[in-house]
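*Asks:* give me a 3D structure for the following:
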Amino acid sequence: TVKHRFPSFRLCLARTVMTMATQPIVLNDKTLHPPVGYGTYKVGFVPASASSAAAGNAQPEGAVSAADCVQQALEVGYRFLDCAQFYGNECEVGRAIAASGIPRADLYLASKVWTTTIFEGPEAVQRQIEKTLSDLGTDYLDLYCIHWPVPGKHVAAYLQLEKAKAAGLIRSVGVSNYAVEDYQELMASASVKPVINQIEINPFLYRKRTISFFEQEGVVLQSYRALRDGKAFSDPIVLKVASKHAKSAAQVLGRWCVQQGFIYIPKSVKPDRMRENMQVFDFSLDEEDMSMLNSLTTPAALETFRQLYIKCVLRDTPNAGKVELVREQLTID
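*Replies:* From the prediction side, this is the model:
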């Protein structure tokens with residue numbers, strides 16, 4: 001039995017709504033990771049390069065602030081908060097944490113360093129780690145990740161994360177949006193294996209070969225866009241499975257995610273949806289359900305992923321748009 005370094009961690013999970021038959025996931029560094037978290041992307045702030053007409057606005061008039069949303073999520077029972085430099089709201093998240101009164105040891109705080117900082121180099125990465133710590137009001141992060149594998153830059157940035165881990169600022173190190181080839185490049189130089197790779201995973205982008213590779217490496221997968229931003233809630237197969245189990249489309253997609261063994265990070269700014277999204281542990285999908293959902297990824301979806309990867313690994317950097325700098329060999333499925 002692996003004991004978490006914080007004695008109250010299991011007790012905390014047992015007191016939240018998430019605890020319907022849930023267990024923390026053991027990572028390859030023997031720390032424990034909650035199976036469900038609250039995503040803070042576009043919560044109270046839309047980043048300037050996000051695909052939104054409101055990009056760069058702190059929040060639309062009349063919208064709930066990031067601090068209020070996160071505080072509501074904590075009240076509902078979320079204890080894992082998925083943050084990032086790019087999300088532009090870590091200071092607000094920190095205010096919500098402070099206002100909640102929840103002991104630090106009962107929280108799992110994760111963040112990611114953005115492409116611009118990765119491009120600038122290790123010293124900039126270290127400064128950003130320290131800024132995130134200050135913004136969130138904590139002296140350590142449970143998990144810190146490279147947000148995108150910026151060509152020619154991501155390995156040096158990751159090595160800086162290893163130093164921050166050795167200094168006690170980070171408990172676990174991870175990556176995000178890494179393809180098989182990015183990971184192989186990283187591990188030629190890294191001495192600490194990533195515990196996490198956060199990638200988009202849902203039945204409509206189910207990259208079986210990539211997922212199998214990372215699972216064999218002992219790298220746990222976090223799923224973002226597990227609910228596809230609500231765009232799959234009217235899909236006939238999702239609705240068929242939802243009707244069969246008397247659950248919502250969101251709950252079916254969330255259940256598919258956790259049943260596959262992925263860490264599930266839903267996001268909503270509405271407390272009732274926050275609760276609904278968490279309630280994925282009181283039912284199971286059967287073999288027929290999983291088979292139908294597993295077959296929804298199309299070649300077009302994989303090609304869309306390829307194009308997004310090419311764009312995003314250099315997004316916001318001085319090399320943005322220089323596709324000749326992006327690796328040609330890329331496992332997309």
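*Asks:* most distant residue from the centre of this protein?
*Replies:* Lys244 (29.1 Å; Cα atoms, centre = their mean).
*Asks:* check what pLDDT the nearest residue to Arg275 once chain neighbours are set aside gets.
*Replies:* Sequence neighbours aside, Val76 is the residue nearest to Arg275 in space, at 5.5 Å (criterion: Cβ to Cβ, 6 or more residues apart in numbering). Quick note: C-beta positions are derived from backbone N, CA and C, even for glycine. Note on Val76: pLDDT of 96.
*Asks:* ok, how many other residues are close to Val76?
*Replies:* 19 (other Cβ atoms under 10 Å).
*Asks:* so who does it touch?
*Replies:* Contact partners of Val76, counting by Cβ atoms under 8 Å, 6 or more residues apart in numbering, are 17, 271, 274-275, 278.
*Asks:* below-threshold pLDDT in this structure: ranges please.
*Replies:* 1-21, 51-62 (pLDDT under 70).
*Asks:* ok, and what's touching stretch 257-264?
*Replies:* 25, 33-37, 196, 201-202, 215, 220-223, 226, 254, 280-281, 284-285, 290.
*Asks:* the residue farthest from the centre of the chain against Glu288, yeah?
*Replies:* No - the pair Lys244 / Glu288 is not scored as a contact, 9.1 Å apart, by Cβ atoms under 8 Å.
*Asks:* so where do the strands sit in this protein?
*Replies:* Here the chain has its strands, by DSSP state E, at 25-26, 32-33, 38-39, 80-82, 108-113, 141-146, 170-176, 196-200, 220-224, 263-264.
*Asks:* now render these as TSV, adding distance to Leu296 and mean neighbour count.
*Replies:* Output for those, formatted as TSV (distance: least, Cβ to Cβ, whole Å; neighbours: other Cβ atoms under 10 Å):
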stretch	distance to Leu296	mean neighbour count
strand 25-26	25	16
strand 32-33	27	20
strand 38-39	22	26
strand 80-82	24	25
strand 108-113	27	26
strand 141-146	27	26
strand 170-176	23	23
strand 196-200	14	23
strand 220-224	15	22
strand 263-264	17	26
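*Asks:* of those, give the one that comes closest to Glu303.
*Replies:* strand 196-200 (14.2 Å; Cβ to Cβ).
*Asks:* who does that closest one touch, helix- and strand-wise?
*Replies:* strand 141-146, strand 170-176, strand 220-224 (3 or more Cβ pairs under 8 Å, 6 or more residues apart in numbering; DSSP states H and E).
*Asks:* can you put those in a markdown table and add distance to Ala84?
*Replies:* Below are those laid out as a markdown table (distance: least, Cβ to Cβ, whole Å):
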| stretch | distance to Ala84 |
| --- | --- |
| strand 141-146 | 8 |
| strand 170-176 | 8 |
| strand 220-224 | 10 |
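*Asks:* on that earlier part again, possible to save the strands of the chain as a markdown table with distance to Gly88?
*Replies:* Below are the strands of the chain laid out as a markdown table (distance: least, Cβ to Cβ, whole Å):
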| stretch | distance to Gly88 |
| --- | --- |
| strand 25-26 | 28 |
| strand 32-33 | 25 |
| strand 38-39 | 14 |
| strand 80-82 | 14 |
| strand 108-113 | 12 |
| strand 141-146 | 17 |
| strand 170-176 | 17 |
| strand 196-200 | 18 |
| strand 220-224 | 16 |
| strand 263-264 | 23 |
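*Asks:* out of those, the one nearest Ala188 is which?
*Replies:* Here strand 170-176 is closest among those (Cβ to Cβ), at 14.2 Å.
*Asks:* that older thread, quick one: which of the contacts of Val76 is most hemmed in?
*Replies:* For those, neighbours tallied by other Cβ under 10 Å; top is Met278, 25 neighbours.
*Asks:* hang on, it packs against Gly77?
*Replies:* Yes - proximity of Met278 to Gly77 meets the contact threshold set by Cβ under 8 Å, at 6.5 Å.
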